[in-house]
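**Q** Let's see this in three dimensions:
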Amino acid sequence: MSMIKTPHINAEEGAFAKTVLMPGDPLRAKYIAETYLENPRLVTSVRNMFGYTGTYKGREISVMGSGMGMPSIGIYSYELFSFFGVENIIRIGSAGAYSDKLKVRDIVIGMGACTNSNYAHQYNLKGTFAPIADYELMQKAIDIAKEQGTPVVVGNVLSSDPFYDADPTARDRWKEMGVLCVEMEAAALYMNAAKLNKKALCICTISDHLYTGEELSAEERQVTFNKMMEIALELA
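**A** Model (predicted):
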């Protein structure tokens with residue numbers, strides 16, 4: 001098989017499945033591959049951004065880290081969609097809760113992704129683009145969660161460029177608009193999918209609450225988000 005080389009992925013043609021799960025942390029990708037996939041094989045490791053392909057219940061599926069932030073997932077998702085035949089990318093990550101309805105380890109499905117990023121500027125649109133999930137993937141994820149007995153909250157998330165926002169009151173205004181939580185990747189993923197006529201979905205587990213102060217450790221974030229992972233795996 002021939003090699004397909006981009007600046008960030010070096011894999012054989014056909015190395016990736018049609019569906020790729022994308023946690024931010026490459027070590028979480030490694031954990032998912034080794035825990036859930038049968039016969040997982042490492043297909044790319046450029047910059048230690050590990051990507052694996054294996055099977056889950058007889059279905060081929062890939063998992064690869066995306067890194068942190070919209071520029072990073074923007075690069076990896078674009079290359080997977082454009083050069084490696086990937087049709088569906090499901091982000092599985094952590095998020096900080098805004099909503100009083102949420103607590104640590106709750107699962108949020110991002111129906112839409114607000115953003116303070118300028119990512120959409122590249123499209124030269126004469127207005128504001130609203131990044132949204134693929135409806136079929138989202139509905140299937142909701143149905144799977146119900147079958148598994150896993151409660152999920154569906155709604156708007158915020159994809160933020162800054163992690164440490166210089167305006168400490170910004171979160172209050174997003175919360176007032178009904179935004180459930182903050183993460184850093186979904187909006188760029190949704191925009192890439194829209195532009196390239198592909199499908200994308202963001203599923204997040206709440207790792208900390210920005211109003212109550214409740215939070216998980218870095219190790220817990222890496223290896224304990226199993227319910228979210230199991231929903232995503234069934235989507236393949």
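**Q** which residue ranges form the strands in this structure?
**A** Per DSSP state E, the chain has strands spanning 3-5, 10-12, 19-22, 38-44, 51-56, 59-64, 88-97, 107-115, 152-159, 181-183, 199-209. These are given in chain order.
**Q** In TSV: those, plus mean neighbour count, distance to residue 236 and mean pLDDT.
**A** The C-beta positions use only the backbone N, C-alpha and C, and glycine is treated the same way. Compiled in TSV, those are given as follows (neighbours: other CB atoms under 10 Å; distance: least, CB to CB, whole Å; pLDDT from 0 to 100):
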stretch	mean neighbour count	distance to residue 236	mean pLDDT
strand 3-5	13	21	76
strand 10-12	18	18	93
strand 19-22	27	4	98
strand 38-44	15	13	98
strand 51-56	22	6	98
strand 59-64	24	4	98
strand 88-97	25	8	97
strand 107-115	23	16	98
strand 152-159	21	18	98
strand 181-183	25	22	98
strand 199-209	25	12	97
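**Q** show me what contacts residue 32?
**A** Residues near residue 32 by CB atoms under 8 Å, 6 or more residues apart in numbering: 21, 23, 52, 63, 229.
**Q** Quick check: the two most widely separated of these?
**A** Comparing all pairs in those by CB to CB, the longest separation belongs to 52 and 229, at 13.4 Å.
**Q** low pLDDT regions in the chain?
**A** Residues of the chain meeting the criterion pLDDT under 70: 1, 221-224.
**Q** quick one, helices of it?
**A** 26-36, 70-83, 135-148, 170-176, 186-196, 218-223, 226-234 (DSSP state H).
**Q** Deepest-packed of those helices, please.
**A** Mean neighbour count, computed with mean count of other CB atoms under 10 Å, is highest for helix 186-196 among these, reaching a mean of 25.
**Q** export the strands of the chain to a markdown table and tack on distance to residue 146?
**A** A markdown table is the format used below for the strands of the chain (distance: least, CB to CB, whole Å):
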| stretch | distance to residue 146 |
| --- | --- |
| strand 3-5 | 38 |
| strand 10-12 | 35 |
| strand 19-22 | 20 |
| strand 38-44 | 26 |
| strand 51-56 | 20 |
| strand 59-64 | 20 |
| strand 88-97 | 17 |
| strand 107-115 | 12 |
| strand 152-159 | 8 |
| strand 181-183 | 21 |
| strand 199-209 | 14 |
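**Q** Can you tell me which of those is nearest to residue 121?
**A** strand 107-115 (11.3 Å).
**Q** Check which helices and strands the closest one sits against.
**A** In this structure, strand 107-115 packs against helix 135-148, strand 152-159, helix 186-196, strand 199-209, helix 226-234, with contacts taken as 3 or more CB pairs under 8 Å, 6 or more residues apart in numbering; DSSP states H and E.
**Q** Using PDB, write out every CA atom in it.
**A** Only the C-alpha atoms of strand 107-115 are listed here, as PDB (Å, rounded to 0.1, in the frame of the first residue of the first chain):
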ATOM      1  CA  ILE A 107     -22.200  13.700  29.500                       C
ATOM      2  CA  VAL A 108     -23.100  16.500  27.100                       C
ATOM      3  CA  ILE A 109     -23.800  16.200  23.400                       C
ATOM      4  CA  GLY A 110     -23.100  19.400  21.500                       C
ATOM      5  CA  MET A 111     -26.000  20.100  19.300                       C
ATOM      6  CA  GLY A 112     -24.400  23.500  18.400                       C
ATOM      7  CA  ALA A 113     -21.000  25.100  19.200                       C
ATOM      8  CA  CYS A 114     -20.900  28.800  19.900                       C
ATOM      9  CA  THR A 115     -17.400  30.200  19.700                       C
END
